[in-house]
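**Q** Need coordinates for the following:
(chains A and B)
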Amino acid sequence: MKVTGEHIFKGTPKQVWDLFRDTDVMAAALPGTKNMEAVGENEYEAVMNVRVGPVAGEFSGTLVLSNEDYPKSYTLTVEGRGKPGFLKGTGDINLIYQGENSTLMEYGGDVQIGGKLAGVGQRLIDTVSKSIISQAFDTLDEVLAERTAAEEEGREAEYRKASEKDYAAAVAKDIVGGFLSAPWMKWLLGVFIVLIIVLILIISLT
Amino acid sequence: MTYKVIGKRVKRVEDPRLLTGQALFVGDVTLPDMLHAAFLRSDYAHAKLISIDVNLALEVSGVVAVYTAADMGDAWEPGPPLVSPPPTLENVVFNSRRQVPLVKDKVKHAGEIIAVVVAESRYIAEDAVEEILVEFEPLPVVVDLEKCLEPGSVLVHDDLDTNLAAHLVQNKGDYESARKGADLIINRRFQLDRGAAVAMENRGIVADWNEKNQHLTVWDATQSPIPIRNGLAARLGLTQRQVRVIAPFVGGGFGPKIMMFYAEEMVLPWITMKLGVPIKWIEDRRENFYATTQEREQIHEVEMALSKEGHILGIKQTIIHDTGAFNPYGLTTPLNTQSHSMGAYDVQNYSSEVIVVFTNKTIVTPVRGAGRPQGIYIVERLLDIAARELELDLMEIRRLNFIPPDAFPYEHKIIDQAFVPLILDSGNYEPAFDKALEMLGYEDFIKKEQPRLRAEGKHVGIGIVPFIETTGVGPYEGARVSVEPSGKISAATGVGTQGQSHMTSFAQIIAEHLGVQVTDVNLVTGDTAEFQWGTGTFASRGAVVAGNAVNAAASDVRQKVLKLASKILETPEKELELEDGMVRVVDIPDQSISLGELALLANPLRGAVEPGTEPGLESTKYFGPAFGATAFGVHGMILEVDPETMMIKIRKYITVEDCGTMINPLVVEGQIHGGVSMGIGNAYYEKLHYDENGQLLNANLADYLIPGSTEMPHIDVHHANTPAPNNELGTKGVGEAGAIPVPALFAQALENALHDYELEILETPLSPNRLYELLHKQEDPS
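**A** This next block holds a predicted model:
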């Protein structure tokens, strides 16, 4: 399935890039991540809970980050397998500054799904992913607005992280708390979640 | 011959048990110490199996064993080749590749079995399946019927250098010469897609090895218990008598429950012999979508040559038939398409090539209709197109081309799926066609009602499609009928029962001969301990082949009864009658003896019998036809399409069915209703959506739509009767008939309803979505 999509952020590409690197933010936006570890430079393994309608279960996958061009573009490749089936996809993300504090995020890629996710979840993937995406973008937009406001008002945005953690805990019981405090882990989680968003976006637009 | 019981609308004697939950299905079988199996199946359609680690699964509490292909050792072997190519055909390419019990090295379609867990309950087994760690190397997938034949294509079977499963050509007459004299040549490409059988009861097996008795009992929701018994004995190194296969009540067969030797049928008996305890597995609905066979995907490149008057001069076609990952059932389905692509018509010149391909999809074997709906679709579509091009009436062009009644038996000079010459034994098509037009009110509808409704802005269309169905093929079936001392009749036959009313229909035949009530007959079907010769219930052959065996056995028992009664009553046989369980002297009803008393006398405890005497009033007989009995019929309908939603409403549905002598019209009508329902699904709702990776995208009954009561029209059935000339009863099969013409009928009626769109339908199944796309394409050629 070849698909494309876009979202406009109120911020600079650098701000958006950083936003996507912030694991606290991404965890809040997308609950379900249980475990993640680096297995090489720009290559990671992660475990996530996935639920698409009646199809639910643990998903373990690898993701590879490549073609990084900060703060403009990168490529994400994911392969995941688990009780719900499997998915395999590659997505290109471009951040384009449009002036007036506005950044267009463009994504495009190819994704394959299989097993129960395809056979039973296919019809629901569209709806489920759309609601997750709108929730995720809402959260990301709010965080970005808060950060911008804090910057303008010259105050620290420190409080935000805690509130995001609370939010994450509230939204998903199974989100892992402790390891999120590790700086390198935050970055990895951020990347993984970006990838999941991208994949869901891709899937949702087919 | 006038019958007293045969041909009567006797209510089904099995229904009280079925409707009150008293009938035994495999799911009801529970044995002491019974364990349960669950299967790990591949999500990938094509992948190398690198490694399997079952250790975590074995640690799950309640798990007894986990097996992979490696554990089977020498017992691991592919399923048997069920149907090889017709030996009488020349230059046939046939690459036989059969399904395996457990995947050894490479997965070839999604749903293939990687491992089996045996546990104390199905719940535990299912949980443990998720603990098995498998490393796959996903491979590129091939699903396209044409791309799979291109050089360099991904190969389903690495030991073949091609995805070609089979190739054959059959010619009748000389198409090329006929073509030269044609006024009109029509060329079309047709795309026919896959559907599932969706029996209400999924497959199921309970296997029980008794070590002390050295005996294996298998309850199997199969259409063919005897071949399964024979195959299991051979695979497991047992004598056939050491194996008993019971197909109890089965909740719908529709083809896929044929003697496949499904992986599960190979694995469960092997496990019970290893563990010495009974094992049970009932297929779940999702497994059914991946692991139970499917049908109908074909691409046809067809040419029809006609005279300007509308006479068919010849047909030429290439059929590409998708067999999925394996081809255990040989060429049955494409051969049926090949023979039914001439429909009910006198086609003198026919050239047809069949190409069968392997793809990374679920295995294809016959599903109710078995290639026939595709054949009928092709010829009926071509006639609709030809009529339009020649500006002929759609009905007239059919009338012009019917095989005339005096041409039967009509030999088509090609070989059919039963490996015998395709001979249509009998037929009388035009009166059936006229009757259908009359029932549908064709003239009135075309001239008055349709113009009136169209003026109101309604999109109403009419369709009428005739069809034939080769039924009742050999090789043979048998039956045993026996009078018990109680006066009740015991009977058994080898075919299994999946809803065909054998307990009623066959009892009617017996009651006819022996003068007993239908309810006095106890018939057992599908139990190899009761009857061990035969093949199974498929190809619309039960009433013809098993029915005539029952008829022969009952008739023979009647002779035995008369002979003995004649001696005892001291009356010539011809002066005796069998009524109410008694043998009576015709004019002196008081002078009589009951069947039970005769049965006792036929099995004396003391004294000497005459040399050569067989005990009891019992007979076993077999029936094997030289070739099949050809049923035929006509379906007609009036439908209305909502051009915005593309939802349809069937305003009228009629059928004229000719299945020769009917044993029970009520049962025949039930078969037709069921068939039409399946046909409506095939025509407008049911399609298995595979993506380019061999993933089935609607493997559930929320997304795979089957017609429900709201989609079913009232069906008016008219019975015509052209008795089969080559069997005693004159019966022809009717089990598949209802499904066969429906896709062609839908196409015709939809085109008629949407006449202002100039729609030409060249595919099936359709759906509201697909029809919308076709109309949209029609409006906007870009």
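**Q** quick one: average confidence on whichever helix in chain A runs longest?
**A** Taking DSSP state H as the criterion, chain A has its longest helix at helix A:122-152. If you average the pLDDT over helix A:122-152, you get 77.
**Q** What is it packed up against?
**A** strand A:2-9, helix A:13-21, helix A:23-29, strand A:43-52, helix A:158-171, helix A:183-204 (3 or more Cβ pairs under 8 Å, 6 or more residues apart in numbering or on different chains; DSSP states H and E). Just so you know, the C-beta spots here come from the backbone N, C-alpha and C atoms, and that holds for glycine as well.
**Q** Just name the shakiest helix or strand of the chain by mean pLDDT.
**A** You didn't say which chain, so I picked chain A. helix A:158-171 (a mean of 41; mean pLDDT, DSSP states H and E).
**Q** Bridged to B:Ala305, which residues?
**A** Note on B:Ala305: beta-bridge partners B:Ile185, B:Gly314, judged by DSSP bridges.
**Q** pLDDT weak spots in the chain?
**A** Just so you know, I chose chain A. Within chain A, the ranges that satisfy pLDDT under 70 run A:1-3, A:21-34, A:36, A:126-133, A:158-191, A:203-206.
**Q** wrong chain, I was asking about chain B
**A** B:1, B:778-782.
**Q** Pull up the residues of chain A that are close to chain B.
**A** A:1, A:57, A:81, A:83, A:85-86, A:88, A:112-116, A:118-120, A:122-123 (Cβ under 8 Å from any Cβ of the partner chain).
**Q** So what does B:Ala626 have for phi and psi?
**A** phi -70, psi -40 (degrees, to the nearest 10).
**Q** Which residues are in contact with it?
**A** Taking Cβ atoms under 8 Å, 6 or more residues apart in numbering or on different chains, we find B:Ala626 in contact with B:420, B:474, B:726.
**Q** how about those residues in TSV, adding distance to chain A?
**A** Formatted as TSV, those follow (distance: Cβ to the nearest Cβ, whole Å):
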residue	distance to chain A
B:Val420	41
B:Gly474	39
B:Asn726	46
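**Q** Which one of those residues is nearest to B:Gly7?
**A** B:Asn726 (19.3 Å; Cβ to Cβ).
**Q** how deep is that closest one tucked in, by neighbour count?
**A** Neighbour count of B:Asn726, defined by other Cβ atoms under 10 Å in any protein chain shown: 18.
**Q** That one contacts B:Thr630, correct?
**A** No - if you go by Cβ atoms under 8 Å, B:Asn726 and B:Thr630 don't touch, sitting 10.3 Å apart.
**Q** Any chance you could list residues touching both of these two?
**A** Common neighbours of B:Asn726 and B:Thr630, using Cβ under 8 Å, 6+ apart, are B:Asp425.
**Q** Now do the buried residues in the longest strand belonging to chain A.
**A** In chain A, with assignment by DSSP state E, the single longest strand is strand A:55-69. Going by neighbour count (16 or more other Cβ atoms under 10 Å in any protein chain shown), the buried part of strand A:55-69 is A:55, A:58-59, A:61, A:63-65.
**Q** Ok, stretch B:190-205 next?
**A** Within stretch B:190-205, the residues that qualify as buried are B:190, B:192-199, B:201-205, counting by 16+ other Cβ under 10 Å.
**Q** which one of the residues you listed is nearest A:Asn101?
**A** B:Asp193 (51.6 Å).
**Q** hmm, back to that, list the helices and strands whichever helix or strand comes after the longest strand of chain A packs on?
**A** Per DSSP states H and E, strand A:55-69 leads on to strand A:73-82 as the next helix or strand towards the C-terminus. Under the contact definition 3+ Cβ pairs under 8 Å, 6+ apart, strand A:73-82 sits against strand A:55-69, strand A:85-97, helix A:183-204.
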